[in-house]
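Visitor: the sequence isn't on hand, but the structure is:
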């Protein structure tokens, strides 16, 4: 059983089926509940969005990875093609609804086409589509699949501000997959002392061994302003000797090192 | 005339008055319009949020800094104390409304106290308060000042999930202030080639000169997934010889260097 963000028609469902097309899915209301389902052992793994090519990090996912003992066991990349869906005509629409990421990814489209519209966020694009089916005054920004599912017309297709739009999802599970030769390892580090060069030193451990850093993202520690943890993705698997050695070295230099997991890189 | 996010009662108003308590303010509907007012020369400077100690970056602000020719000329830090405001009693409330940051900063509070509530985002906390004054079924997450301004009761005070909650605002203007001895410089760099060690090399220019890096944040280039620009804040002023020399060095090594400005660090 895979937990993912619902209701049916979400991009998360697409990600889950891309991960395992025979998967038995269980849908949750929001990212928090999807991760919580795994912690409560209601599902074997959960699939949640972590990063979009236009809007960047899904910060709630990052925060949950820091807060709980979770293991990333895979990643899936899904192409996002937002549509404007409604039962009404464009002139009927008084509210545009979507997940905050959907709204942000179509910011310019909304600004240009609907100057005085009310914008409402909801926990998922597919829930927005479901709610749009209840009133002609509501339009949802969601997938074409949601239109079919909830009996909506597609008023406009591919409305995201930049045509190429991809979201990376992570699979959170229990066991670290064996090395495949094309893996990624995700970690979180807290440098403790904000001394000049602390981050530089850590990155030097990777650079010195020619380990490719595919992503670095900072998040606030939520303690004081200007205090951060760093989320770092590198190429390689924790079972690779060079990766293991590097992480051991880093562990001795930082306030906190959390290994989120090693998993095959998505193609 | 200073442009900021309105209506009256917003934390942005607080930031603007903290910056200049005699300022003549002009309020705008959202961050986009606030910055646009400066570009259209309707105001001399604009004050917008850039970072919160719980929720991290205000990504729209970061994206506008990349997209337009804007100069950061100052920063202001404001303590955030969210309240739940309504004309109704807690049992009347069917909708909770706030700026997305306000909603995120109070996520646990909402989850714990209002299980089946409808969450609506709006472009500012003070607009949410204004809208809450129109119906007993709406509660806003906003400042205590907004309660007075829009005739609302404070149902709960200090409801953010972490008590210490600060937002950093930037002043965007025209002229770079002279060095004060306690300044910050903000830049954006694009490394072009995603080769191992590229970021490490850039950070080395700072570390090697003992220049303190106060913040590093990545944002997607919006071109392809996994391609980023880096927003970097360092201690020092562009007129300091060492900073000028470092930035010249970096310019030769990166695909793009954008200097956002030098300004006195907030206390």
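Guide: Thanks, I have it. Keep in mind the model is a prediction, meaning the values are calculated, not measured.
Visitor: quick one, helices of the stretch 1-150 of chain A?
Guide: Ranges of helices in the stretch 1-150 of chain A, per DSSP state H, counting those that start in this stretch, are A:11-19, A:31-39, A:59-67, A:100-105, A:107-113, A:125-132, A:144-150.
Visitor: packing partners of the last one?
Guide: Secondary-structure packing of helix A:144-150 (3 or more Cβ pairs under 8 Å, 6 or more residues apart in numbering or on different chains; DSSP states H and E): strand A:83-86, helix A:125-132, strand A:153-156. Glycine gets a C-beta too; all of them are placed from N, C-alpha and C.
Visitor: and chain B, which of these is closest to it?
Guide: Closest to chain B of the helices and strands packed on helix A:144-150 is helix A:125-132 (Cβ to the nearest Cβ; 9.6 Å).
Visitor: can you list the residues of the stretch 51-200 of chain A near chain B?
Guide: A:51-56, A:59-60, A:77, A:100, A:104, A:107, A:111, A:119-123, A:161-162, A:164, A:166, A:168, A:194, A:196-197, A:199-200 (Cβ under 8 Å from any Cβ of the partner chain).
Visitor: now, of these, which are buried?
Guide: Among those, those classed as buried by 16 or more other Cβ atoms under 10 Å in any protein chain shown are A:51-56, A:59-60, A:77, A:100, A:104, A:107, A:119-123, A:161, A:166, A:168, A:196-197, A:199-200.
Visitor: what are the ranges of the helices in the stretch 151-267 of chain A?
Guide: Counting by DSSP H, counting those that start in this stretch, the helices of the stretch 151-267 of chain A are A:198-207, A:241-251.
Visitor: just say which of those helices is most tucked in.
Guide: helix A:198-207 (a mean of 21; mean count of other Cβ atoms under 10 Å in any protein chain shown).
Visitor: with adjacent residues omitted, what lies nearest to residue A:43?
Guide: The shortest distance from residue A:43 to any non-neighbouring residue, by Cβ to Cβ, 6 or more residues apart in numbering or on different chains, is to residue A:3 (3.7 Å).
Visitor: an error on my part: the question was meant for residue A:90.
Guide: Distance criterion Cβ to Cβ, 6+ apart; nearest residue to residue A:90, sequence neighbours excluded, is residue A:155 at 5.9 Å.
Visitor: hmm, back to that, ranking the helices of the stretch 1-150 of chain A by burial, who's on top?
Guide: Most buried of those, by mean neighbour count (mean count of other Cβ under 10 Å): helix A:125-132, with a mean of 27.
Visitor: list the helices and strands it packs on?
Guide: Using 3+ Cβ pairs under 8 Å, 6+ apart, helix A:125-132 sits against strand A:83-86, strand A:95-98, strand A:138-142, helix A:144-150.
Visitor: centre of the chain to the last one, how far?
Guide: The reference is to helix A:144-150. 22 Å (Cα atoms, centre = their mean, to the nearest Å).
Visitor: what does that helix contact?
Guide: A:8-10, A:14, A:81, A:83, A:85, A:125-126, A:129-130, A:132-133, A:140, A:152-154, A:157 (Cβ atoms under 8 Å, 6 or more residues apart in numbering or on different chains).
Visitor: next: the first one.
Guide: Outside strand A:83-86, the residues that touch it by Cβ under 8 Å, 6+ apart are A:92-93, A:96, A:129, A:132, A:136, A:138-144, A:146-147, A:150, A:152-159.
Visitor: how about the helices of the stretch 151-267 of chain A in a markdown table, adding mean pLDDT and distance to residue B:237?
Guide: Formatted as a markdown table, these follow (pLDDT from 0 to 100; distance: least, Cβ to Cβ, whole Å):
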| stretch | mean pLDDT | distance to residue B:237 |
| --- | --- | --- |
| helix A:198-207 | 94 | 21 |
| helix A:241-251 | 97 | 33 |
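Visitor: just put the ones you listed in a markdown table and tack on distance to residue B:72.
Guide: Listed next are those as a markdown table, based on distance: least, Cβ to Cβ, whole Å:
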| stretch | distance to residue B:72 |
| --- | --- |
| helix A:198-207 | 22 |
| helix A:241-251 | 33 |
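Visitor: which one of those lies nearest to residue B:34?
Guide: For these, proximity to residue B:34 was assessed by Cβ to Cβ; helix A:198-207 is nearest, at 31.8 Å.
Visitor: for the residue lying closest to residue A:174 once chain neighbours are set aside, give me its contacts.
Guide: Nearest non-adjacent residue to residue A:174, counting by Cβ to Cβ, 6+ apart: residue A:71, 6.4 Å away. Applying Cβ under 8 Å, 6+ apart, we find residue A:71 in contact with A:172-176, A:260-261.
Visitor: hmm, try it at 10 Å
Guide: A:38, A:45, A:65, A:170-176, A:186, A:259-263 (Cβ atoms under 10 Å, 6 or more residues apart in numbering or on different chains).
Visitor: now those: which count as buried?
Guide: For the contacts of residue A:71, a burial check counting by 16+ other Cβ under 10 Å picks out A:38, A:45, A:65, A:170-173, A:176, A:186, A:259-263.
Visitor: the closest residue to residue A:138 other than its chain neighbours and residue A:121: what is the separation?
Guide: Nearest residue to residue A:138, sequence neighbours excluded (Cβ to Cβ, 6+ apart): residue A:132, at 4.4 Å. Taking Cβ to Cβ, to the nearest Å as the measure, residue A:132 and residue A:121 are separated by 14 Å.
Visitor: what touches both of these two?
Guide: A:96-98.
Visitor: give me the number of residues near the closest residue in space to residue A:150 that isn't next to it in sequence?
Guide: Among residues not flanking residue A:150 along the chain, residue A:133 sits closest, at 4.2 Å (Cβ to Cβ, 6+ apart). Using other Cβ atoms under 10 Å in any protein chain shown, the number of residues around residue A:133 comes to 19.
Visitor: contacts only, for the nearest residue in space to residue A:121 that is not next to it in sequence.
Guide: Excluding the flanking residues, the one nearest residue A:121 by Cβ to Cβ, 6+ apart is residue B:121, at 4.3 Å. If you count contacts by Cβ under 10 Å, 6+ apart, residue B:121 has them with A:100, A:103, A:119-122, B:96-104, B:128.
Visitor: where does pLDDT dip in the stretch 51-200 of chain A?
Guide: A:193-195 (pLDDT under 70).
Visitor: residue of it nearest chain B, please.
Guide: Counting by Cβ to the nearest Cβ, the stretch 51-200 of chain A gets nearest chain B through residue A:197, at 3.6 Å.
Visitor: which residues does that residue contact?
Guide: A:204, B:203-204, B:206-213.
Visitor: what is the nearest of those to residue A:221?
Guide: Nearest to residue A:221 among the contacts of residue A:197, counting by Cβ to Cβ, is residue B:213 at 16.2 Å.
Visitor: just put the shared contacts of residue A:132 and residue A:121 in JSON lines and tack on neighbour count.
Guide: Shown next, in JSON lines, are the shared contacts of residue A:132 and residue A:121 (neighbours: other Cβ atoms under 10 Å in any protein chain shown):
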{"residue": "A:96", "neighbour count": "25"}
{"residue": "A:97", "neighbour count": "26"}
{"residue": "A:98", "neighbour count": "29"}
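Visitor: make TSV out of the residues you listed and add distance to residue B:231.
Guide: Output for those, formatted as TSV (distance: Cβ to Cβ, whole Å):
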residue	distance to residue B:231
A:96	29
A:97	31
A:98	26
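Visitor: surely residue A:3 touches residue A:32?
Guide: No: Residue A:3 is beyond contact range of residue A:32, at 11.5 Å (criterion: Cβ atoms under 10 Å).
Visitor: can you list residues touching both of those two?
Guide: What both residue A:3 and residue A:32 touch, as defined by Cβ under 10 Å, 6+ apart, is the set residue A:48.
Visitor: what's the domain layout of chain A?
Guide: Chain A breaks down into these domains under automatic domain parsing: A:2-79+A:165-173, A:83-156, A:183-264.
Visitor: enumerate every residue touching the closest residue to residue A:5 other than its chain neighbours.
Guide: Distances taken as Cβ to Cβ, 6+ apart place residue A:12 nearest to residue A:5, at 3.8 Å, with adjacent residues excluded. Contacts for residue A:12 (Cβ under 10 Å, 6+ apart) come out as A:2-6, A:25, A:27-28, A:31, A:34, A:46-49, A:76, A:78, A:99, A:124-126, A:167, A:169.
Visitor: good, we can wrap up now.
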